[in-house]
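S.K.: sharing a sequence plus its predicted fold:
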Amino acid sequence: MKFKDIARWKIALSFFISFLIYGIFLKEPSVIYNNAERICLSCIGIK
């Protein structure tokens, strides 16, 4: 179970970082940040 949780966190973090990078390139960080936050929270299982 712990390994699964660690894998989930890694996936969520990678999504979050990639969305932040896309936000910087698209110059719409607030929109991308909100989407990334929502996706990451759903990835981890927090609603």
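M.R.: Alright, I've got the coordinates. Remember, it's a predicted structure, so these values are computed and weren't measured experimentally.
S.K.: let me see the contact set for Phe25.
M.R.: By Cβ atoms under 8 Å, 6 or more residues apart in numbering, the contact set of Phe25 is empty. All C-beta spots, glycine's among them, are computed from the backbone N, C-alpha and C.
S.K.: tell me the mean pLDDT over the helix or strand where it lies?
M.R.: Assigned by DSSP states H and E, Phe25 falls within helix 2-26. Regarding helix 2-26, the rounded mean pLDDT is 80.
S.K.: swap in stretch 37-47?
M.R.: 65.
S.K.: so what's Phe19 closest to, chain neighbours aside?
M.R.: What sits nearest to Phe19 in space, not counting adjacent residues and going by Cβ to Cβ, 6 or more residues apart in numbering, is Ala36, at 3.3 Å.
S.K.: how close does the one you found get to Ile17?
M.R.: Distance of Ala36 to Ile17, given as Cβ to Cβ, to the nearest Å: 9 Å.
S.K.: between the two, which one's more packed in?
M.R.: Ala36 (21 against 12; other Cβ atoms under 10 Å).
S.K.: so that one sits against Phe15, correct?
M.R.: Yes: with contact defined as Cβ atoms under 8 Å, Ala36 counts as touching Phe15 (6.5 Å).
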